[in-house]
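**Q** one predicted model, sequence on top.
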Amino acid sequence: MASWSSLGFQDSASPLMEQLIFFHDHAMLVLVMITTLVGFMLASLFFNSLTDRLLMEGQTIEMIWTILPALILIFIALPSLRLLYLLDEVNNPSITIKAIGHQWYWSYEYSDFLQVNFDSYMTPSNELSDSGFRLLDVDNRTVLPMNTQIRVLVSAADVIHSWTVPALGVKADGVPGRLNQVSFSVNRPGLFYGQCSEICGANHSFMPIVVESTSTSSFLSWISNSSDN
């Protein structure tokens, strides 16, 4: 049986995802208040003729019905526009990597380092370790330092793919012949799983993404070993 925690978002691992969860909770609170108010009024109409008369007649109630929804929309729109601006903002990235979608795997290039590039394939079920996750683990993880501004350039070699990691609040389409970019930072160490979110063919569900967040020293050691190989 699924737990209640599985009904919400994944735990955030970036400031962007924290803001997305906050906006979701904000919008849900507004929706619950609207639903409660409208439900109460509809119930009152069935049992109270006085309420019926006050709600359906008069200039005052018509003004309330006009002004109140406009205020609610503003109350939702302002934080939404702020969040859209934050998601599109690119702050002087310290590291840039390029993610290229293929049918059906990802290729990565670390643009700031020489000869650091690799392909990332899903680990077959018969090769998974006991601690592995079926359809989510890969043979080569995308290693990134935490508390560092990262820019990911996303493209594709064949059809449209989507580089998506929910815990980081990141989703960018990879379009052949074009470059999209996303910027984020990871605020805690760990493994964060994602998948292609576009229906890109028969094996669409078999091209997962694994981001491994480590300390800066561990990342530099990994880069050094990758360059040597």
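**A** Nice, I can see it.
**Q** could you say what helices and strands the host helix or strand of residue 69 packs with?
**A** Using DSSP states H and E, residue 69 sits within helix 59-88. Applying 3 or more Cβ pairs under 8 Å, 6 or more residues apart in numbering; DSSP states H and E, we find helix 59-88 packed against helix 15-47. Glycine gets a C-beta too; all of them are placed from N, C-alpha and C.
**Q** quick one, the helix it packs on and helix 59-88 angle?
**A** Computed by axes from the mean of the first three to the mean of the last three Cα atoms, to 10 degrees, the angle separating helix 15-47 from helix 59-88 equals 160 degrees.
**Q** and residue 192, how close does it get to residue 62?
**A** For residue 192, the distance to residue 62 equals 51 Å [Cβ to Cβ, to the nearest Å].
**Q** tell me which of those two has more neighbours.
**A** A count of neighbours by other Cβ atoms under 10 Å puts residue 192 above the other of residue 192 and residue 62, at 24 against 11.
**Q** I figured the more buried one hits residue 168, correct?
**A** Yes - using Cβ atoms under 8 Å, residue 192 is in contact with residue 168, at 6.0 Å.
**Q** any shared contact partners between the two?
**A** Shared contacts of residue 192 and residue 168, defined by Cβ atoms under 8 Å, 6 or more residues apart in numbering, comprise 13, 186, 211.
**Q** could you look up the SS state of the last one?
**A** When the structure is split into helix, strand and coil by DSSP: H, G, I helix; E, B strand; the rest coil, residue 211 lands in strand.
**Q** got it, and residue 194?
**A** Classification of residue 194 using three-state DSSP returns strand.
**Q** tell me how far it lies from residue 86.
**A** Counting by Cβ to Cβ - residue 194 and residue 86 are separated by 20 Å.
**Q** so between the two, which is more surrounded?
**A** More crowded of residue 194 and residue 86, by other Cβ under 10 Å: residue 194, with 21 against 14.
**Q** so what's the more buried one bridging to?
**A** residue 209 (DSSP bridges).
**Q** these two touch, right, it and residue 209?
**A** Yes - with contacts counted by Cβ under 8 Å, residue 194 reaches residue 209, the gap being 3.9 Å.
**Q** which other helices and strands contact the helix or strand that comes right after the helix holding residue 69?
**A** Following helix 59-88 in sequence order, the next helix or strand is strand 95-102 (DSSP H and E). In this structure, strand 95-102 makes packing contacts with strand 105-110, strand 142-145, strand 150-156, strand 161-165, strand 170-174, judged by 3+ Cβ pairs under 8 Å, 6+ apart.
**Q** in a markdown table: the ones you listed, plus mean neighbour count.
**A** Formatted as a markdown table, those follow (neighbours: other Cβ atoms under 10 Å):
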| stretch | mean neighbour count |
| --- | --- |
| strand 105-110 | 19 |
| strand 142-145 | 22 |
| strand 150-156 | 22 |
| strand 161-165 | 24 |
| strand 170-174 | 20 |
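**Q** which residues does residue 139 contact?
**A** Taking Cβ under 8 Å, 6+ apart as the test, what residue 139 contacts is 120-123.
**Q** re the thing from before, in JSON lines, list the helices and strands packed on strand 95-102 along with distance to residue 75 and mean pLDDT.
**A** Shown next, in JSON lines, are the helices and strands packed on strand 95-102 (distance: least, Cβ to Cβ, whole Å; pLDDT from 0 to 100):
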{"stretch": "strand 105-110", "distance to residue 75": "40", "mean pLDDT": "94"}
{"stretch": "strand 142-145", "distance to residue 75": "36", "mean pLDDT": "94"}
{"stretch": "strand 150-156", "distance to residue 75": "33", "mean pLDDT": "93"}
{"stretch": "strand 161-165", "distance to residue 75": "29", "mean pLDDT": "93"}
{"stretch": "strand 170-174", "distance to residue 75": "26", "mean pLDDT": "92"}
